[in-house]
Structure formats: C-alpha cells, structure tokens
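Visitor: Sequence and predicted structure, then a few things I'm wondering about:
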Protein chains: 2
Amino acid sequence: MKENKFISIYEQLVDKIKRGDWRPNTKLPSENELVEQYQTSRETIRKALNLLSQNGHIQKMKGKGSFVLDVSRFDFPVSGLVSFKEVAEKLGHTSTTIVKEFELVKADQDLCTQLGATKKDLIWKVVRAREIDGEKIILDKDFFHKKYVPHLTKDICKGSIYEYLEKDLGLKISFAKKEISVDELTDEDKCYLDLKDYEHIVVVRNYVYLEDASLFQYTESRHRLDKFRFVDFARRGI
Amino acid sequence: MKENKFISIYEQLVDKIKRGDWRPNTKLPSENELVEQYQTSRETIRKALNLLSQNGHIQKMKGKGSFVLDVSRFDFPVSGLVSFKEVAEKLGHTSTTIVKEFELVKADQDLCTQLGATKKDLIWKVVRAREIDGEKIILDKDFFHKKYVPHLTKDICKGSIYEYLEKDLGLKISFAKKEISVDELTDEDKCYLDLKDYEHIVVVRNYVYLEDASLFQYTESRHRLDKFRFVDFARRGI
DNA sequence: AAGTGGTCTAGACCACGGG
DNA sequence: CCGTGGTCTAGACCACTTC
C-alpha cells in the first residue's frame, strides 16, 4: 500500500499524540527538528502539521511552535458529524436496520428538484428504519441516480450502502451539502417509527456530489427529536 | 494593506468566477498558465487554487484540470453555517435584539463544566432575545471569561458582541465546536420568547477557542422549532 | 540575536487522462 | 505521447516571540 509521505508522517504524529508520547499542552519538536527526524523537506513536514491542525490535534503559533491540543475536551471525534447511530454503536448499543422500501422509480417532481434529475431518469429509492435498543428512531430515505449505481440489492441495503458505493463501485465522493431543519411528522414517519407523542421530527437533508461535481445522491435522515445530536468542529479559514 | 500573494490571487480568481468571466462547468487555465499570468511560482498558484476548492468554487481533477462549480445550486453561502437570523437579514426582514440580562456572575457548577472555569472566576452573562418580523424566536445566552473580556457594556450587547471581540479587542478565534440537539422548553424560554404551543426547542451549543487554544466563550442559541435552519458544506478531507 | 512558523521560489518526478 | 494536477525538494526571506 503506497502512501504519500506527508500522510504517512501525519499518521505517525497522530499515533504519538494518541499514545501520549506528547502530552496535551506540550510543544512538538520544531519543524526543522522534524525535518531531521523524518529525513524529509520542510514543506512536507508542514503539510503533515497542517493536517494535524485541521483535524484539531495541534495548534500552531507563529514564533512559538506547535502545541498538542487537549482533545479529551472535544468528547467525540474531532471532525465531521456524529449521528446518534454512530454514537450508539460506539457505546456498544444494539442497532439494526430494517429495509422498508426498495424499488426503482421514475423521478417525480419533488425528486427532480432535489436530485437535479429529469422526468425520464430512473432512481433507486431506499427507505430504511434504524432501530436502536429496540426503538425505531431514525428513518433514512436514500435516492440514487441509477446511471451511477446500475446494480443494487436489498441485501446491500441491509448493510452499508455507503461502503458498497465507495469500496465496491469505486465512486469517489468529493463534497456534500447538509441542511438541518425541524419538520412536522408525515404519515410515513408515523407508520415506520416509534415516535412516542412527539409532533415534530429533525430532518437532515444531504446532497452528495461526486468528483466530477455531479449530484448523484440525495438522502433524507429523519431523527426522533429526543435522540438527535449533531457535532461539528470547525477551524477558522480565510 | 499588505496581503499574502496567494490570498490576493485567490480573491482575483473568485472575482473572475463571480463576474462570470469563467462560466460554471468550464475549465480554468492550467496551473502553468496561471503561473505565467500572475508571474509567480506554481506552489503559490496551487495554494490559491486549494482555497478555491476548499470554499466550493472549483473542482480539481487530476489529469484533466480545474473546473468551475455551479455554485448557484448551493443556494446559500457555500461554507459554514447559516442561521435563520442571517437568512432573514439577507432577505431584508426586520430584526431587533433585546438584551434581557446583562451581568457579571460567579461561575456555578454548570458553567464550570461548560467553560472550564473554576468557582472563583468571574463570567459575563448576556441573555438576548432576537425578534424577527415581530416575533421573538431566538434566545441567545452568551458566557465569556472576564479575564479575556475585561470591559463590556449593555450597548455593545445590543450590537454585535462578536465584532467587538474580534475587531475592537483583537481577540483571535481559532476554532469552535458546535453541538445541535432538541431540548425541552425551560421557563426562561417561555418567558422570553414567542413560542406558540411548541413543547421543544432547538439548542445550538457553541464552544469557542482562542488562538492559544483556551476556551473563552460558551454560547447557547435556542431557536423556535419552525424557524430553525442549519446549512453545512463539507469537502472530503483525509 | 536566535529560534519559530508563514510565505515564496524554481525545479524535479510522478500518476492520471486523453488523443 | 503530451498536458494535467499531486508530491517532494532545497533554499531563501519574512514576521513574530523569547531571551
């Protein structure tokens, strides 16, 4: 497995931090020292350090040095989002997926706007309920362009569609837009989920784009109010 | 105003895209051509292009080139979050801020954990209701360490505390952690907001860190369910 | 003055895409 | 094959912090 040098160095540095070789709030070796240690150029070291910084592991300070951040304060994975399902699985709760709908449909008006499709396009529609500790609390509705995903089975949907797309089909996701809002319940929600007597539901709409900037997937993830949690870690950019 | 070369080039390129000199889905000049045009080195051009990519303006494809993305599909500012207040103001709705509480308090147990403070620390507590089109729909609770913000007035709180901290005090924010969840109403919510008959409220908790990685601000932004909206745009990283 | 990270340069080689 | 973006190098100068 060939890997870029700066990524390899980045991973080695993350390891050192995680193992505690470098404690929080202490200073890392200077860039020039790291150049010596890893027998590479300064720009390569800097790429690795920038990765560490972007991912919340260190804080760089001009004139002073790079310092290890106390990640224990960021109680969960320092970047991206954490869905309740992921948290539940990390904490060892049982989690099952029930495929409620699985079919190939023609794009209707709504889907056309969401997916940027035309009326003749064929779209995979997958509706799955997520049950955690015996309660069905998340409803995931996925829509894919068939032209990007020619083959799909119910069995794949029981597992991780995401893994199938990335690992088996080799589709490369380049960016995604997320929208979070709170909507009123639909009949579908009431039918497929255990909702207690809540009248609203948290909706996460996800628009996923491929490397060539084409929109290929629209996902709607509907979470019961009390079980919703979203974490976001952001560094300041320009 | 002295500026880095790669940032200056980045801004010129953004301008060209926004003005339509380069249309969506067309190819940008190659990196080597840009090196010629801007009389600089390739690494500098690459830094500028990476900024464009991170901010969702272009898509780089190995072996092919850099392509202008159709940002009109990302209906709102392509990065970061968009609160209802910001959207409302963009659309020209009236928006006022009412300072409900403004005081210097000793950190209680709850604040100690949220702000990483000790019991002796003095903390600014500011509670503000946001009224949009005549309805009070957002309650912002802000807490700052006094040691970072020695002086604060009610007048500042009526405007933008954020601007005061960054522009006037020169505090440099380096990163922030956000947590979104849905909570039950508190008496405070009921007292300060126009809540119709909703029983829940969307809570955005914001932990803000300075350049030296010290936690200096904790903000709780409480949004009426029907007026909450959060947008997030993310590129894939390592 | 010495050490730190931030920027910039000029040049090299690579992997990928398309003719 | 050539042009593309991705990585890597060695060296330079700057701005900032600390002594």
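Guide: Great, that's in hand.
Visitor: quick check: domain ranges of chain A?
Guide: A:5-68, A:84-227 (the TED database).
Visitor: Return the member of those having the minimum mean pLDDT.
Guide: Of all the domains of chain A, mean pLDDT reaches its minimum on domain A:84-227 (a mean of 85).
Visitor: Determine the number of other residues adjacent to A:Asp194.
Guide: 12 (other C-beta atoms under 10 Å in any protein chain shown). Every C-beta, even on glycine, is put in place using the N, C-alpha and C of the backbone.
Visitor: Setting the sequence-adjacent residues aside, check what's closest to A:Leu165.
Guide: Of all residues not flanking A:Leu165 in the chain, A:Leu171 sits nearest, at 4.7 Å (C-beta to C-beta, 6 or more residues apart in numbering or on different chains).
Visitor: Enumerate every residue touching that neighbour.
Guide: A:Tyr148, A:Val149, A:Leu165, A:Leu210, A:Phe216 (C-beta atoms under 8 Å, 6 or more residues apart in numbering or on different chains).
Visitor: Now the two most distant members of the residues you listed.
Guide: For those, the farthest-apart pair by C-beta to C-beta is A:Val149 and A:Leu210; their separation is 11.1 Å.
Visitor: Residues that sit against both of these two, list them.
Guide: A:Leu171, A:Phe216.
Visitor: next one: phi and psi at the residue in chain A sticking out farthest from the centre?
Guide: Largest separation from the mean C-alpha position in chain A: A:Glu36, at 36.0 Å (C-alpha atoms, centre = their mean). When quoted as degrees, to the nearest 10, the phi and psi of A:Glu36 stand at phi -60, psi -50.
Visitor: any idea how far chain B is from it?
Guide: Distance, A:Glu36 to chain B, using C-beta to the nearest C-beta, to the nearest Å: 23 Å.
Visitor: Contacts (any at all) between DNA strand C and the lengthiest helix in chain A?
Guide: Identified as the longest helix of chain A according to DSSP state H is helix A:5-19. No: judged by C-beta under 7 Å from any atom of the strand, helix A:5-19 makes no contact with DNA strand C; its nearest approach is 11.9 Å.
Visitor: Likewise for stretch A:22-29?
Guide: Yes: applying C-beta under 7 Å from any atom of the strand, one finds stretch A:22-29 touching DNA strand C at A:Leu28.
Visitor: hmm, that stretch touching DNA strand D?
Guide: No: remark: stretch A:22-29 sits outside contact range of DNA strand D, by C-beta under 7 Å from any atom of the strand, the gap being at least 10.7 Å.
Visitor: can you give me the helices in chain A?
Guide: So, for chain A - with DSSP H - the helices run A:5-19, A:31-38, A:42-54, A:84-90, A:109-115, A:154-158, A:161-163, A:187-192.
Visitor: Could you give the separation of stretch A:174-186 from the chain centroid?
Guide: Relative to the chain's own centre, stretch A:174-186 is displaced by 14 Å; criterion: C-alpha atoms, centre = their mean, to the nearest Å.
Visitor: Do that stretch and chain B come into contact?
Guide: Yes: against chain B, stretch A:174-186 shows contacts by C-beta under 8 Å from any C-beta of the partner chain at A:Ser174, A:Phe175, A:Ala176, A:Lys177, A:Lys178, A:Glu179, A:Ile180, A:Ser181, A:Val182.
Visitor: Could you check what's spatially nearest to the last one, not counting adjacent residues?
Guide: Here the nearest residue to A:Val182 in space, its sequence neighbours aside, is B:Leu225; by C-beta to C-beta, 6+ apart that works out to 4.4 Å.
Visitor: same thing with A:Thr96?
Guide: A:Glu131 (4.7 Å).
Visitor: So in terms of bridging, what pairs with that neighbour?
Guide: On the basis of DSSP bridges, A:Glu131 is bridged to A:Thr96, A:Lys136.
Visitor: Check whether it really touches A:Val99, as I assumed.
Guide: No: with contact defined as C-beta atoms under 8 Å, A:Glu131 does not reach A:Val99; the gap is 11.9 Å.
Visitor: Of the two, which one has the most company?
Guide: More crowded of A:Glu131 and A:Val99, by other C-beta under 10 Å: A:Glu131, with 17 against 14.
Visitor: Roughly how far does that one sit from chain B?
Guide: 20 Å.
Visitor: for A:Asp226, same thing?
Guide: Applying C-beta to the nearest C-beta to A:Asp226 and chain B gives a distance of 7 Å.
Visitor: got a list of what the closest residue to that residue other than its chain neighbours touches?
Guide: Computed as C-beta to C-beta, 6+ apart, the closest residue to A:Asp226 that is not its neighbour in sequence is B:Val182, at 7.0 Å. With contact taken as C-beta under 8 Å, 6+ apart, B:Val182 is in contact with A:Val182, A:Val202, A:Leu225, A:Asp226, A:Phe228, B:His200, B:Ile201, B:Val202, B:Val203, B:Leu225.
Visitor: Out of the residues you listed, flag the one nearest to DNA strand C.
Guide: B:Val203 (33.9 Å; C-beta to the nearest atom of the strand).
Visitor: how close does the closest one get to B:Val182?
Guide: 7 Å (C-beta to C-beta, to the nearest Å).
Visitor: Tell me, how many residues neighbour the closest residue to A:Ile9 other than its chain neighbours?
Guide: Leaving aside its sequence neighbours, A:Ile9 sits nearest to A:Ala48 (C-beta to C-beta, 6+ apart; 4.1 Å). Residues near A:Ala48, counting by other C-beta under 10 Å, number 24.
Visitor: Lovely, talk soon.
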